[in-house]
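Peer 1: Compute the structure for the input listed below.
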Amino acid sequence: ALNKIPKRIRHQTTVSIAAGTYGCAYISGFTIEYPTNATTGSYLNIVGGLSDVTPATGSATGTFESGTAGASSPVAFGTATDNEATWTVNDLRGKYLVTTGGTGSGQTFPIASNTATVITIVSSWATTPNATTTFAIREPNVVINAACSRPATSDAAVSAANGGGLYFAGNISDLLSTFSAINVSSMRFTNTTGRGLVLSGAARVKVNQLTVANTAAAPGVEILQGASLIVRKSVFTPAAGSIGITVGSIKDVINGTDITGSIFVSGNTGLDLEGGGALILNSSYFFGVRDAIKSAGGGSAGQSSVNTNIIDCNSVASSSGFSSLSSPVFVGFSAANNSISNCTTAYHFSGPVFAVLSAIPSGAGNTTAILANGGAKVKLASGATVTGTTELSIDGAGYTIAAMRAASPRAITDLTYGSTVFE
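Peer 2: Just a heads-up that it's a prediction; the model follows:
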């Protein structure tokens, strides 16, 4: 179907894919121009669907008795309760909860966790369910189970191991416009070779309700050569030792990575910003990932904003919630209303980084709450409640947040390297 679509698009163009299992696909050569009608936009939409799952125990459908809305400060995700349910604990994690009728009908969210009777979604409810709300637990019914080889012109070896289930290359869209993009929704990637998706070139790609569960020792999504990725309500379960999303080459801070309402479970790294660039991350959940969010700077200044997320390292060895390491240039970072728990280090900043941890960062069970070294500057909110066996580690020396607040001015600075934590 894609081969029959004109390569220049100035309106809504949709390809609907029937439920089933498919091989890989190259998507290349499209120019998504500024739309003739900004209201409807200019998009190439590649759309799958969702179908009910078969839970280990209990039913995939039912009616809720009640729900809780969720909150932003301190962060808490929404819940919904079905007292008649008999689900296996956390069997539904990474599936999608869809409200199908009654109050709050038409909402879809990834599931963060579940008990026998209560589901916790990733994010807060737009409209909280009540006793009139019916639901279904679903997953994408379009499955991609193979990887296309990376093209010969790439900077990596030509093989399926370096390719992806969907390979986007040579596409162009207006990166400054929110009306121009390639949209991919409701698909599941289970390929045993290569990445789930590869994005290369000057195009904006938006994904929604994608489950990326490729079992290869390769990233779920790889971003190359200036591509821009927007992620909404998606699930990433990388193989052991692998990465959910990796940013290999971002050319400037406009072409960043924007993620909302998504879940990352297991693997070495949830988000690896190796190539730098800006990160916008909101209302997402990380569980059992060694390094939830890792930025090496890559030589690009990145003004990043990370807000209202929940990170639970689940006591994985040598784990971190957020780390910004060895950046050769200034990197700005702000965080508000995040909860980071059960990590070796909750926040780790190294090098010429300026970080603002605002609006009550919270969390418990961490070995070190905040680690700053190599000249990093960290501003801490006055209501911060992040705890650790060591609350502050500054160039190897341990301090308490209370000691920092008792100082005048409220700051502790290492006089050798210049690392500072202040309020």
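Peer 1: Pretty sure Ala403 sits in a helix.
Peer 2: Yes - assessed with DSSP: H, G, I helix; E, B strand; the rest coil, Ala403 lies in a helix.
Peer 1: distance of it from Ala397?
Peer 2: 11 Å (CB to CB, to the nearest Å). No exception for glycine: its C-beta is placed from N, CA and C like everyone else's.
Peer 1: Need the residues touching each of these two.
Peer 2: Common neighbours of Ala403 and Ala397 are not found (criterion: CB atoms under 8 Å, 6 or more residues apart in numbering).
Peer 1: worst-scoring helix or strand of this protein, pLDDT-wise?
Peer 2: For the chain, counting by mean pLDDT, DSSP states H and E, strand 331-336 ranks last in confidence among helices and strands (a mean of 69).
Peer 1: From the chain's centroid, how far away is the helix or strand following that one?
Peer 2: Next in sequence after strand 331-336, counting helices and strands by DSSP states H and E, comes strand 339-341. Centroid displacement of strand 339-341 relative to its chain, using CA atoms, centre = their mean, to the nearest Å, is 16 Å.
Peer 1: Tell me which residues are up against strand 339-341.
Peer 2: 74-75, 292, 309-313, 321-322, 346-347, 361-366, 386.
Peer 1: From the contact counts, what lies against the helix or strand following it?
Peer 2: Per DSSP H and E, the first helix or strand lying C-terminal to strand 339-341 is strand 345-350. Judged by 3 or more CB pairs under 8 Å, 6 or more residues apart in numbering; DSSP states H and E, strand 345-350 is in contact with strand 320-324, strand 353-358, strand 366-373, strand 388-394.
Peer 1: Setting aside sequence neighbours, what's the nearest residue to Gly196?
Peer 2: Distance criterion CB to CB, 6 or more residues apart in numbering; nearest residue to Gly196, sequence neighbours excluded, is Phe189 at 3.5 Å.
Peer 1: scratch that, Leu224
Peer 2: Ser200 (4.2 Å).
Peer 1: ok, so what distance separates that neighbour from Ile5?
Peer 2: 20 Å.
Peer 1: okay, those two: which has more neighbours?
Peer 2: The neighbour comparison of Ser200 against Ile5 (other CB atoms under 10 Å) goes to Ser200, with 25 against 13.
Peer 1: residues contacting Ile311?
Peer 2: 285-286, 289, 292-293, 321-322, 338-341, 343, 363.
Peer 1: And stretch 402-415, end to end?
Peer 2: 20 Å (CA to CA, to the nearest Å).
Peer 1: about what we covered before: confidence-wise, which of the helices and strands packed on strand 345-350 is weakest overall?
Peer 2: Lowest mean pLDDT within the helices and strands packed on strand 345-350: strand 353-358, a mean of 82.
Peer 1: ok now it, how far from the chain's centre?
Peer 2: 20 Å.
Peer 1: Tell me the strands beside it, with direction?
Peer 2: strand 331-336 (parallel), strand 377-380 (parallel) (DSSP bridges).
Peer 1: closest one to Gly270 among these?
Peer 2: Closest to Gly270 of the strands paired with strand 353-358, according to CB to CB: strand 331-336, at 15.1 Å.
Peer 1: related to what we said a few turns ago, in TSV: the contacts of Ile311, plus distance to Ser304 and neighbour count.
Peer 2: Formatted as TSV, the contacts of Ile311 follow (distance: CB to CB, whole Å; neighbours: other CB atoms under 10 Å):
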residue	distance to Ser304	neighbour count
Tyr285	18	27
Phe286	16	31
Val289	18	29
Ala292	14	32
Ile293	9	30
Gly321	14	33
Phe322	9	30
Asn338	12	29
Ser339	18	23
Ile340	16	29
Ser341	21	19
Cys343	19	32
Gly363	19	26
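Peer 1: Pick the one among those closest to Ile230.
Peer 2: Distances from Ile230 to those, taken by CB to CB, are shortest for Ile293, at 16.9 Å.
Peer 1: So that closest one versus Gly94, what's the distance?
Peer 2: Distance from Ile293 to Gly94, by CB to CB: 19 Å.
Peer 1: So which bits of stretch 105-122 are buried?
Peer 2: 107-114, 117-122 (16 or more other CB atoms under 10 Å).
Peer 1: now stretch 72-85
Peer 2: Pro74, Val75, Ala76, Phe77, Gly78, Thr79, Ala80, Thr81, Asp82, Ala85.
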